[in-house]
Structures are given as structure tokens and as C-alpha cells.
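Asker: Build me a structure from this.
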Amino acid sequence: MKHVLSAVALTLGASAMFASPAMARDTRYMLPLREVLEMPEAKEKLDDSFRFYLSGQKTPKVLERLDSGVSNRKTNGVGKSDEDGCRWAALSALIALQDTAKTKGANAVIDIVSYYKKNEVASPTDYECHAGAVVVGVALKGTYARIGQ
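Answerer: You can find the predicted model right below:
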């Protein structure tokens, strides 16, 4: 009986060793930034005198370009649609960019691109978001700037 159990255990161990790993879900979305900026929470948390411009968007006159920065934010996707999770993660990323920009004397973040896993994706209207089984993430990269009104 011991030999039979040993053989079964050895067989199970060997099959687990050669099994291919399960692939985690990573669904890519391109969503309009406008929807994030129109969220009631965005109106509460973002300074209405501060501006965000995606790469390719027309901007007012740029008075001064400052440093560039990256914000990589994640949110719990459990109990939310992927799109809702994306909007929350994007809002969090915008808040972080705004907060850093203000410390540098900027009133805008310009030339914003998606920067998921350090891959730049530029769009004048949309940002990139990735949703997994549990976590939703957005990474944005932009230039802090002072713009004319």
C-alpha cells in the first residue's frame, strides 16, 4: 500500500511540475479621459483651475515646461465593472499628477500619455487601462507646465 501511495504522489508531483502556469487576466481598455473628468468625484477632488491635456490635444500657450512625472495607480476591481475600476484608477492617477505639479508651481499637466509597463501609448482623447481578476491599473506620464489662461 505504501508503494502505491508513493507512486501516486510521485505521479501527481511530476504532472504538477510540467503543467503550464495559469495565465492571469489582463484586459486592455482605451477609454475617454473626458468620462473621468466628468465624474462627480473628479469635480470634488480635482482643482477646477488646474488643467490636463493628453498628448495631441491642443493646449493654451505653454509659458514654462517643468519636470515630467509618472503616476501608476491601482484600484480593487472586485464588485466593480472593469470600466468603473478604470475610471477610479485614472482619477487617482490624475490627483497624484496634480498634487506633484502644484508643488512645482505648475497649473497643468500636458503631453499626457499612458505608460503601462513603461510602454507609451498616446491618444488625444483616451487613456489606457488594464483590468485583471482583482486589480485594475492606470499609469500616466506627463509634463508639468505653467500655461496661459
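Asker: how about the nearest residue to Ala131 once chain neighbours are set aside, phi and psi?
Answerer: Closest residue in space to Ala131, ignoring its immediate chain neighbours: Asp82 at 4.0 Å, by CB to CB, 6 or more residues apart in numbering. Heads up, the C-betas are built off the backbone N, CA and C, glycines and all. Taking degrees, to the nearest 10, you get phi -60, psi -40 for the backbone angles of Asp82.
Asker: For Asp82, give its distance to Val134.
Answerer: Asp82 sits at a distance of 12 Å from Val134 (criterion: CB to CB, to the nearest Å).
Asker: Tell me which of those two has more neighbours.
Answerer: Each of Asp82 and Val134 has its neighbours counted (other CB atoms under 10 Å); Asp82 has more, 17 against 12.
Asker: Please report the distance of the more buried one from Arg51.
Answerer: Per CB to CB, Asp82 is found 27 Å from Arg51.
Asker: So what touches the helix or strand containing Lys102?
Answerer: Following DSSP states H and E, one finds Lys102 within helix 82-103. When contacts are defined by CB atoms under 8 Å, 6 or more residues apart in numbering, helix 82-103 is touched by residues 27, 29, 31, 33, 35-37, 39, 41-42, 45-47, 50, 52, 66, 69, 71-77, 80, 107-109, 112, 127, 129, 131, 136-140, 142, 144.
Asker: Can you name the element that comes right after that helix?
Answerer: Toward the C-terminal end, the helix or strand that comes next after helix 82-103 (DSSP H and E) is strand 108-114.
Asker: What residues sit buried inside the helix or strand that comes right after that following strand?
Answerer: If you walk from strand 108-114 toward the C-terminus, the next helix or strand you reach (DSSP H and E) is strand 126-131. For strand 126-131, a neighbour-count test (16 or more other CB atoms under 10 Å) marks Asp126, Tyr127, Glu128, Cys129, His130, Ala131 as buried.
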